[in-house]
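J.: structural data only, the sequence is not supplied:
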């Protein structure tokens, strides 16, 4: 029993000793680890400190560099401003010097003018003195002549004037009579000669254009592709081009129908490109339409330039050149407008040269006289007025502007070129075959115009003139007053618009006059 207690006591002592030993070793290790951790923390803190210092130093250097750049820019700007101020100051000094020179010159000239004025004043005084002496001498001579002739100066002057006036009247009447007779005999022959020579020297082709273009295709298989599924392709073509495309049983032929020659030509080109390429669908149609439209616009400008070159006309605005090119695709009564305008230009040049006027201006006016028919903006005005406004807008000569505006008498003719353009326009349109209108329908249209006018109460006479472009109505002054005459003009224009088909426009003129007649027996 005692041994057990001894063994237990020894074991307790050993365990206590071991605990103290372990506590001492653990404490020592813990302190060592603590020192290591502290050392690592200090090292890490030092490294972070160095890194932050380095970063701050770099930022400082960067800010210093930017500050130096900004300072450099400020210095450079300051130098430039100083240079500008110096140059401006130099310029001001030069202007001041020039001003002083001009001022000195002005003062010198002013002094010279004052001297000249003084000399002129002295000369004028001397002249007045001489004039008084001459007048006194003349008075003495007149008094002596009056004594010799027995007439006063006024009576002698009146008698002399009366004698010369009577002789001049007789001579003037004789010459006027001779000139009238000579003019009456020669005027008609001279006018006929000028017109005939003008026409003979201006040969022109006679051709009428139809409203249909035939397009040849390689095979009939392409017709179905042009029509497309459910007619989509042909609908797209007609919608874009503004034409009627007729595909029938005619072998290898498609008909393009439109009254607009420009649209027909554009449609023919688009179809030609589509047939060559072989790919026919809506996107391709749109693409070819845009391409060919651009090409045709370029060709229109080239046509206008070539026309001016052929006629020897220069210095014309590009917008007028475009409109001249467009005339190639416009007809009037079946007559090609460009061909007609070129012909009128040549006729005007020839006739103006024969009459001793400016042939270049006449040729220019003749070419541009129908330019209003192809204006991009269609206004509620006659084509002559539209063309006149275009010519005025693009700085054409005033004589050319008046000739264009008055060639159908919409405005008053104020130059000699105007009647020449009017006459040459009529000559060109009156050539056999120049215009395609059938004579029967033409006469019928004139007759219908007069019949419509005569159907109104109070109308005495009606005349369709200017090839059906104007209707003149004469009314009775006792049946219709001024307000009713104006109302009649409006009613006639409205009825003609509703009941007739005609090219261009028709001018309705209502004339009301009062005639007083008496007889001397």
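T.: Structure received. Note that this is a predicted model, so its numbers are computed, not measured.
J.: how close does the closest residue to residue 353 other than its chain neighbours get to residue 317?
T.: Excluding the flanking residues, the one nearest residue 353 by C-beta to C-beta, 6 or more residues apart in numbering is residue 359, at 4.5 Å. From N, CA and C alone the C-beta is placed, and that goes for glycine too. Using C-beta to C-beta, to the nearest Å, residue 359 is found at 21 Å from residue 317.
J.: element containing residue 424, please.
T.: helix 417-429 (DSSP states H and E).
J.: and the next helix or strand after that helix, what does it pack against?
T.: Scanning forward in sequence from helix 417-429 by DSSP H and E, the next helix or strand is helix 439-454. The contact analysis (3 or more C-beta pairs under 8 Å, 6 or more residues apart in numbering; DSSP states H and E) places helix 439-454 against strand 459-465, strand 470-476, helix 482-499.
J.: picking that back up, contacts only, for the residue nearest to residue 353.
T.: Contact analysis of residue 359 by C-beta atoms under 8 Å, 6 or more residues apart in numbering lists 348-350, 352-353.
J.: of the residues you listed, which is the most crowded?
T.: Using other C-beta atoms under 10 Å as the neighbour criterion, residue 348 leads those with 32 neighbours.
J.: ok so, going back, adding distance to residue 47 and mean pLDDT, write the helices and strands packed on helix 439-454 out as TSV.
T.: Below are those laid out as TSV (distance: least, C-beta to C-beta, whole Å; pLDDT from 0 to 100):
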stretch	distance to residue 47	mean pLDDT
strand 459-465	113	87
strand 470-476	108	87
helix 482-499	102	85
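J.: the ones you listed: which one's closest to residue 141?
T.: Among these, the nearest to residue 141 by C-beta to C-beta is helix 482-499 (68.2 Å).
J.: what about residue 83, how many neighbours?
T.: Neighbourhood size, residue 83 [other C-beta under 10 Å]: 10.
J.: tell me the phi and psi of it?
T.: Dihedral pair for residue 83: phi -60, psi -40, per degrees, to the nearest 10.
J.: and it, what pLDDT?
T.: Looking at residue 83, its pLDDT is 88.
J.: list the buried ones in stretch 273-287?
T.: Buried residues in stretch 273-287, counted by 16 or more other C-beta atoms under 10 Å: 273-275, 280, 284-285, 287.
J.: in helices, which of the residues you listed appear?
T.: 273-275, 284-285, 287 (DSSP state H).
J.: follow-up on the earlier one: list the helices and strands the helix holding residue 424 packs on?
T.: Here helix 417-429 touches helix 153-200, helix 337-354, helix 359-368, helix 398-406, going by 3+ C-beta pairs under 8 Å, 6+ apart.
J.: looking at those, which has the lowest confidence?
T.: Minimum mean pLDDT among the helices and strands packed on helix 417-429: helix 153-200, a mean of 62.
J.: after that one, which helix or strand is next?
T.: Per DSSP H and E, helix 153-200 leads on to strand 212-216 as the next helix or strand towards the C-terminus.
J.: ok, residue 362 - contacts?
T.: Each residue near residue 362 by C-beta under 8 Å, 6+ apart is listed here: 348-349, 351-352, 417, 420-421.
J.: could you rerun that using 6 Å?
T.: Residue 362 makes contact with 348-349, 352, 417, 420, according to C-beta atoms under 6 Å, 6 or more residues apart in numbering.
J.: what do you get for residue 245?
T.: Contacts for residue 245 (C-beta under 6 Å, 6+ apart) come out as 234, 237-238, 256.
J.: which of those residues lies closest to residue 444?
T.: Within those, proximity to residue 444 (C-beta to C-beta) peaks at residue 256, which comes in at 30.6 Å.
J.: confirm that the closest one sits in a strand.
T.: Yes: counting by DSSP: H, G, I helix; E, B strand; the rest coil, residue 256 is found in a strand.
J.: for the helices and strands packed on helix 439-454, give me CSV that also has mean neighbour count.
T.: Shown next, in CSV, are these (neighbours: other C-beta atoms under 10 Å):
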stretch, mean neighbour count
strand 459-465, 16
strand 470-476, 19
helix 482-499, 14
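J.: let's have the ones you listed in JSON lines, adding distance to residue 86.
T.: As requested, those are exported to JSON lines (distance: least, C-beta to C-beta, whole Å):
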{"stretch": "strand 459-465", "distance to residue 86": "80"}
{"stretch": "strand 470-476", "distance to residue 86": "76"}
{"stretch": "helix 482-499", "distance to residue 86": "76"}
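J.: what's the closest of those to residue 406?
T.: Closest to residue 406 of the helices and strands packed on helix 439-454 is strand 470-476 (C-beta to C-beta; 13.7 Å).
J.: list of residues touching that closest one?
T.: Strand 470-476 is contacted by residues 449, 453, 458-464, 506-512 when judged by C-beta under 6 Å, 6+ apart.
J.: what's the closest non-adjacent residue to residue 271?
T.: Excluding the flanking residues, the one nearest residue 271 by C-beta to C-beta, 6+ apart is residue 215, at 5.5 Å.
J.: what sits against that neighbour?
T.: Neighbours of residue 215 in contact, by C-beta under 6 Å, 6+ apart: 254, 256, 268, 271.
J.: hang on, the earlier thing: looking at the buried residues of stretch 273-287, which is nearest residue 33?
T.: Taking C-beta to C-beta as the measure, residue 33 lies nearest residue 287 of the buried residues of stretch 273-287, at 84.0 Å.
J.: can you give me the pLDDT of the closest one?
T.: 84.
J.: before we move on, what about residue 296?
T.: If you check residue 296, the pLDDT there is 84.
J.: count the neighbours of it for me.
T.: Applying other C-beta under 10 Å, we find 16 residues neighbouring residue 296.
J.: so how far is residue 283 from the residue nearest to it when sequence neighbours are not counted?
T.: Nearest residue to residue 296 in three dimensions, chain neighbours excluded: residue 266, at 5.7 Å (C-beta to C-beta, 6+ apart). Distance of residue 266 to residue 283, given as C-beta to C-beta: 18 Å.
J.: cool, thanks, signing off.
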